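In: starting from these lines, generate the structure:
(one chain, ligands or ions: 1)
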Amino acid sequence: MTVSVYLSGTGNVGRNLIKLIFNKNLPVRIAGIENRKGQIIGDSISLSQYNAFMSNPHVFPKKENPEDLKFDIFVDMRTASKTGALEKDTYLKMFESGKNLITANKSGLANYWKEINSSMIENNRKILFEATVAGGLPLFSVLRNSMNGFQCSYFQGIVNLTANFVMRMMREGHTYEDACSLAIKEGIGETDMSDDLLGIDSARKAVILSNAVFGQSLSLSDMKFGGMIRNSKENQMLLVTIRQNEEFYVQSDIVTLEKDHPFLKMGPMAMGYLAGFYNRSTLMVSEDYDGPVETAGAVLSDILSFESIR
Ligand SMILES: NC(=O)c1ccc[n+]([C@@H]2O[C@H](COP(=O)([O-])OP(=O)(O)OC[C@H]3O[C@@H](n4cnc5c(N)ncnc54)[C@H](OP(=O)(O)O)[C@@H]3O)[C@@H](O)[C@H]2O)c1
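Out: Numbers count the residues shown, from 1 in each chain. Sure, this is the predicted structure:
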């Protein structure tokens, strides 16, 4: 069965998702595409219509509110807002008008989890957010589909590449400025890296994980967190660590790892996590590089698995 989507955001992730959808001839109908500059809508937008839009989005001014259109899923690949209020408002409008949500943008969920979840339940809708915590590295789909017989008791992960990359480059002798430029050159750093380097991005991910996997109801304002440090040691990394024993514990900060910790053997652009379970051995999932193509793949996987959870 074909699923219809409205795509919001045509940056690194959005463009790669659209490429994947067109290249693979998938049962996905694009009912709308928007960015900050414009919007195209249609029954099923073609590649040539999309190319015309992208070559000059200004000549396609926004005419319709997406909540007034007909489609199954609103896909949020917009820039993350600082407070998440913009995202929350969009999502509530989508649920109230009968749409479901897939997001790569973590700001709404990290700041307004409770409100978004309540509205989703009240309106009998669904949210998938595979790309929000580990980009293209499979995480929620693994826990949901492969580990659903076990309860997760522990998570530790490298969920922010930029901060760890910059710290590593500085240990190798680069200045802070050079390390940041290198991160941009390698495609893992955004022009404005402040959210990454201050630890806000990692903390947002810690909130989403705590809520989605460990049944908490946190928001970013509940988190104390740390960011990158300029004089890090060989075995220090910015990590998210979550433990559920008798008490729930969450941390997003610089951690000093034991010398033989598997994360220390990973490359400078690798992403990875350890997940521990009650009554089952620990799982480690990693990849050498994570960028917008990988993230777009995670969004696409959410779109394609949507039918099975509808
Ligand atoms: N890049 C990654 O590998 C990665 C990994 C995991 C998660 N994410 C998340 O995925 C999202 C997209 O990332 P990206 O790298 O693709 O960002 P990006 O290249 O900066 O693109 C952002 C897109 O959002 C659009 N946009 C911003 N505000 C909008 C609004 N109010 N209405 C409609 N469109 C709006 C921008 O429009 P204009 O083109 O008109 O400026 C642009 O097309 C972000 O939230 C990011 O944190 C990214």
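In: so which bits of the stretch 51-200 of the chain are right by the ligand?
Out: Near the ligand, the residues belonging to the stretch 51-200 of the chain are 77, 78, 79, 80, 104, 105, 131, 135 when assessed by CB under 6 Å from any ligand atom. Heads up, the C-betas are built off the backbone N, CA and C, glycines and all.
In: top of those by neighbour count?
Out: residue 131 (31 neighbours; other CB atoms under 10 Å).
In: residues contacting it?
Out: Residues in contact with residue 131 (CB atoms under 8 Å, 6 or more residues apart in numbering) are 13, 103, 104, 295, 298, 299, 302.
In: please repeat the previous calculation with a cut-off of 7 Å.
Out: 104, 295, 298, 299 (CB atoms under 7 Å, 6 or more residues apart in numbering).
In: how near is it to residue 21?
Out: Applying CB to CB, to the nearest Å, the value for residue 131 to residue 21 is 15 Å.
In: residue 204 and residue 106 touch, don't they?
Out: Yes - contact criterion CB atoms under 7 Å: residue 204 and residue 106 qualify, at 4.8 Å.
In: the two: which has the busier surroundings?
Out: residue 204 (28 against 22).
In: from residue 87, how far out is the nearest residue to the more buried one once chain neighbours are set aside?
Out: If the residues on either side of it in the chain are set aside, residue 204 comes closest to residue 110, at 3.6 Å by CB to CB, 6 or more residues apart in numbering. To residue 87, residue 110 is 9 Å away according to CB to CB.
In: just residue 225 next, same as before
Out: In terms of CB to CB, residue 225 sits 20 Å off from residue 87.
In: more neighbours: the two, which one.
Out: Comparing residue 225 with residue 87 by other CB under 10 Å, the one with more neighbours is residue 87, at 25 against 20.
In: helix or strand for the more buried one, which one?
Out: helix 85-96 (DSSP states H and E).
In: buried stuff in that helix?
Out: 86, 87, 88, 90, 91, 92, 93, 94, 95 (16 or more other CB atoms under 10 Å).
In: strands of the stretch 201-310 of the chain, start to end?
Out: Ranges of strands within the stretch 201-310 of the chain are 236-244, 248-256, 271-277, 280-287, based on DSSP state E, counting those that start in this stretch.
In: and of those, who's closest to the ligand?
Out: The ligand lies closest to strand 271-277 among those, at 9.8 Å (CB to the nearest ligand atom).
In: and the closest one, does that touch the ligand?
Out: No - if you take CB under 6 Å from any ligand atom as the test, strand 271-277 misses the ligand, and the best it gets is 9.8 Å.
In: and the angle for that strand with strand 280-287?
Out: For strand 271-277 against strand 280-287, the angle by axes from the mean of the first three to the mean of the last three CA atoms, to 10 degrees is 170 degrees.
In: could you give me the average pLDDT of strand 271-277?
Out: For strand 271-277, mean pLDDT is 97.
In: ok and it relative to strand 236-244, angle-wise?
Out: Strand 271-277 and strand 236-244 are oriented at 20 degrees to each other (the same axes, to 10 degrees).
In: measure the residue lying closest to residue 238 once chain neighbours are set aside to residue 111 for me?
Out: Of all residues not flanking residue 238 in the chain, residue 163 sits nearest, at 4.6 Å (CB to CB, 6+ apart). For residue 163, the distance to residue 111 (CB to CB) stands at 20 Å.
In: thank you kindly, that will do.
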